[in-house]
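Peer 1: Here is the input, now give the coordinates:
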Amino acid sequence: MNTPSFDMFRSQALSEGFDEVLEREWAPLAELDTHTHPFAVKARVSRGEMWLTVGERTQHLVAGDSFELARDVPHAERYGPDGAAYWVARRNG
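Peer 2: Numbers count the residues shown, from 1 in each chain. Alright, predicted model coming up:
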């Protein structure tokens, strides 16, 4: 599988109108209860695994998988036994 680098992910996200791109790291077995963000998100899991729950749907995501969330969408996150990291682009405007 041809996995893009963080720099490629960042360049593409900025060209798509996202204004902030960073890498987030999560501790093993971390859980975030349902919450929202005041920005839209486009992300790619770069290490580990996570479960993303939006409404009644839960996605199991591993390194190489991507997800997107619109601004103010309620969601919950759970991370695997080895923790996880993902590249995230945020559209704040």
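
Peer 1: quick one, what contacts Ala89?
Peer 2: When contacts are counted by CB atoms under 8 Å, 6 or more residues apart in numbering, Ala89 is found next to 9-10, 13-14, 16, 18, 20-21, 41-43. For every residue, glycine as well, the C-beta is placed using N, CA and C.

Peer 1: Secondary structure element for it, which one?
Peer 2: strand 75-91 (DSSP states H and E).

Peer 1: Buried ones in that strand, by neighbour count?
Peer 2: Residues 75, 77-80, 83-91 are the ones in strand 75-91 that count as buried (16 or more other CB atoms under 10 Å).

Peer 1: farthest pair in those?
Peer 2: When the buried residues of strand 75-91 are compared pair by pair using CB to CB, the farthest-apart members prove to be Gly80 and Arg91, with a separation of 27.1 Å.

Peer 1: Name only those of the contacts of Ala89 that count as buried.
Peer 2: Of those, these count as buried by 16+ other CB under 10 Å: 9-10, 13, 18, 21, 41-43.

Peer 1: circling back to that earlier point, partner strands of the strand holding Ala89, parallel or antiparallel?
Peer 2: In the sheet, strand 75-91 lines up against strand 20-26 (antiparallel), strand 31-35 (antiparallel), strand 40-54 (antiparallel) (DSSP bridges).

Peer 1: Just grab the bridge partners of the residue nearest the centre of the chain for me.
Peer 2: Nearest to the mean C-alpha position of the chain, by CA atoms, centre = their mean, lies Ala43 at 3.8 Å. According to DSSP bridges, Phe67, Val88 are recorded as the beta-bridge partners of Ala43.

Peer 1: That one touches Arg91, doesn't it?
Peer 2: No. At 12.0 Å, Ala43 and Arg91 do not qualify as touching, with contact defined as CB atoms under 8 Å.
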